[in-house]
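Enquirer: Predicted structure and sequence below. I'll ask about it afterward.
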Amino acid sequence: MRLLIDVSQVSFTVSREAEPKNDQNGVQRMDRNTKEPLFAVQLVAVDEGGAEVINVTVAGAVPPKVAKGQPVSPAELQAIPWAQNGRNGTAYRAKSITPVSTSTGKSSGAAAS
């Protein structure tokens, strides 16, 4: 199950730039559908309740062009709950992550429906 996240009331800041998402053998993972390489970007998500650090996966021929400390907007951000070998968590995936041009760092609020 993939859950689309409403980002209209959330600000995102890059806390670690895009890095290749590698498997246990050090080989970069590829998107199952598009066959594009996967990249992980660490973001700090801030809303009225506080902040949380999340790792967001993005597929693309090149990594997202974002820098540490830069306000960004993840497009079509999804939460994907998972459970494996007695462990569980939430993975995050976005169609893209782009810089925000506003001075407040607020996301554009354009969540996909």
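Expert: Sure thing, it's come through.

Enquirer: Next up, the contacts around the residue nearest the centre of the chain.
Expert: The chain has V56 as the residue nearest its centroid, 2.5 Å off, counting by CA atoms, centre = their mean. Contact analysis of V56 by CB atoms under 8 Å, 6 or more residues apart in numbering lists A40, V41, Q42, L43, P74, L77, Y92, R93, A94, I97. Bear in mind the C-beta positions are built from the backbone N, C-alpha and C, glycine included.

Enquirer: Mind doing that once more with 10 Å?
Expert: 12, 14, 18, 39-43, 45, 64, 72, 74, 77-78, 91-94, 97 (CB atoms under 10 Å, 6 or more residues apart in numbering).

Enquirer: Just the buried ones from these?
Expert: 12, 14, 18, 39-43, 45, 64, 72, 74, 77-78, 92-94, 97 (16 or more other CB atoms under 10 Å).

Enquirer: Which of the residues you listed fall in helices?
Expert: When DSSP state H is applied, those are split such that none fall in helices.

Enquirer: out of these, which are inside strands?
Expert: 12, 14, 18, 39-43, 45, 72, 74, 78, 92-93, 97 (DSSP state E).

Enquirer: Nearest to Q28 among the residues you listed?
Expert: F39 (8.6 Å; CB to CB).

Enquirer: The closest one is in contact with V62, isn't it?
Expert: Yes - at 8.6 Å, F39 counts as touching V62 under the criterion of CB atoms under 10 Å.

Enquirer: where do the contact lists of the two overlap?
Expert: A18.

Enquirer: Next, the buried residues of stretch 47-66.
Expert: I54, V56, T57, V58, A59, G60, P63, P64, V66.

Enquirer: Sounds good, over and out.
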